[in-house]
Every structure is written in structure tokens, then in C-alpha cells.
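Student: model the structure of this input:
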Amino acid sequence: MTPRWRIWLGLALKAAGLLLGMAGLAILAGTVAMNLALEKDKVQVPNAIGMDLKDAAALLREVGLQPRMVVEEYSRTIPRGGVITQVPPGGTRARKNKEVRLTVSRGTDEILAPSVMGGPLPRAQRILAEHGMTVGLVARVHSGTFPADEVIAQDPLPGFPARRGSAMNLLVSLGREEPYYVMPSLVGSYASDALAFLKRLNLEARVSYEPHFGWEGFVVTQDPPPGTRIRAKEQVALTIGK
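Tutor: Next up, the predicted model:
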């Protein structure tokens, strides 16, 4: 290759590089211009967390955004009516008129357990519902002090910390337990003596008669048998000989 051709080739390469550079600058300038155009309609989202809902909404509208409360939740740190979370978060950029979704505090869910003892179970259910609590496990026992269906004890105790939505376990009275007896043997007793004995124990006698030589007027069989536990007002079947 002659020196002249080398010179022309060098000049051509330089011209091509210059054109490529100018094209790159044009692309870069276009990209920057497009980004600037896109950013022109964007604003910085203010941080509304911890603010009262009314003040947070006013602040967001002031910069051209649209506040929207989407849900209420309990919070131990944010007072009732304050913003707990927001989407999009503060510090980011968003288009004007974009919706900012806010989660608002319902206040703390911590309460002091109410007293429900000394009243009937329906009353306890009503009081717990008024405090945002529910009835949990219910155990029942006989009691000579508390009438039937009355609450004897509760967990948690009155005045102890509890949470809204939690359950309270209750101990409820079945009332006084009816006395029971151990059934004695009445076989061989005079029928009149056996019936008088059952009457004193408040037991109901069911009597039948069968022919039994030598056992006329005496108890021949009984049900329940001797040694059985039996409660007042239960029935005892006696067979009397005739």
C-alpha cells in the first residue's frame, strides 16, 4: 500500500470514529432527555409513617399524590389514627396522582382482663365480647357455693394484661352435687321396712310380687345390687314374695 493510500485510510477511519462518537452522544442525549421527560411528572413521596391520618393525607395531596386508607391494624407503637405503613414508601419517587396506600393504627391491642366471676356464663360471654375477647376452654365442676352455670374462676385473672382477640378460660359451676349412697342389701328384709328405708333416702321404689314359699312379705331380690353407688331420686326395683 502506497503512503498516499495509508493517509486516506487513516482519514477515513478517523471520520468513521467521529461519526460513531457523535451517534453515541446523540443516543445518550436522547436517553437523558427521555429520562428527564419521565421524571418531570414525578414527585418525591413524603414519609407519612407515625403521622395522624388527616395530616398524612394533607401532606400527600400537597405534593400531588392521592392518599388511601386500605386497612386498620393494632399497633403497640403507633397511637390510634396514626399511619403504620405506606406503599410506596417515603423517599421514593412516584408519578403525580399516584395512589399511596396507608395502613392506619387501631391503637394498642393490650387491655386489662375484665372480671367475669360471680355471674352466669352468658354474662361472661357478653362482657368478654365488649372487651374484644372470646371464651376459651370451659371446665365444669360441682360446687356447694356457686349455683349452676355461674363462673367460679377465670384465666387470665381480672386486671392482668391480655390482648384483644385472645381467649379467656373459665371454670363454671355445675351446682351442688346430689348426695349418693352405697346400696345396702335389702334381701330378707320385711317389705315394709325396706320401703320405709328407701323413702328416708329419697329413693323411688318399684315393687313387684312373685310367689316364693316361705318368703311371703319379704324382699326376695333387689336392683341395683348391694354395694352399688346410687343417688337420690333414683329407682330401686324390689321383688316381694307372696
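
Student: now the helix or strand where L128 lies: buried residues?
Tutor: In the assignment (DSSP states H and E), L128 maps to helix 121-130. By 16 or more other C-beta atoms under 10 Å, the buried positions in helix 121-130 come out as 121, 124-125, 127-128. The C-beta positions use only the backbone N, C-alpha and C, and glycine is treated the same way.

Student: in a markdown table: those residues, plus pLDDT and distance to R101.
Tutor: Listed next are the buried residues of helix 121-130 as a markdown table, based on pLDDT from 0 to 100; distance: C-beta to C-beta, whole Å:
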| residue | pLDDT | distance to R101 |
| --- | --- | --- |
| L121 | 95 | 43 |
| A124 | 97 | 39 |
| Q125 | 96 | 37 |
| I127 | 96 | 36 |
| L128 | 96 | 33 |
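
Student: and L195, helix, strand or coil?
Tutor: Classification of L195 by DSSP: H, G, I helix; E, B strand; the rest coil places it in helix.

Student: number the chain from 19, please
Tutor: Yes, from this point I'll number from 19; that puts the last item at L213.

Student: helix or strand right after the helix holding L146?
Tutor: strand 152-159.

Student: mind listing what the residue lying closest to A142 once chain neighbours are set aside touches?
Tutor: Distances taken as C-beta to C-beta, 6 or more residues apart in numbering place V134 nearest to A142, at 3.6 Å, with adjacent residues excluded. Contact analysis of V134 by C-beta atoms under 8 Å, 6 or more residues apart in numbering lists 141-142, 145-146, 169, 172, 186, 188.

Student: need the residues you listed in TSV (columns: distance to H230).
Tutor: Converted to TSV, these look like this (distance: C-beta to C-beta, whole Å):
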residue	distance to H230
R141	59
A142	58
I145	64
L146	63
V169	55
Q172	60
M186	62
L188	56
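
Student: which residues sit against the helix holding L146?
Tutor: 132, 134, 152-153, 156, 167-169, 172, 186, 188, 190.

Student: got it, and stretch 253-260?
Tutor: Counting by C-beta under 8 Å, 6+ apart, 201, 204, 209, 212-213, 216, 221-230, 232-242, 248 sit against stretch 253-260.

Student: re the thing from before, could you single out the nearest of the contacts of helix 139-148 to R111?
Tutor: R111 lies nearest to T152 out of the contacts of helix 139-148, by C-beta to C-beta, at 45.5 Å.

Student: picking that back up, now, which of the contacts of helix 139-148 sits nearest Q84?
Tutor: Closest to Q84, out of all of the contacts of helix 139-148 and judged by C-beta to C-beta, is T152, at 38.0 Å.
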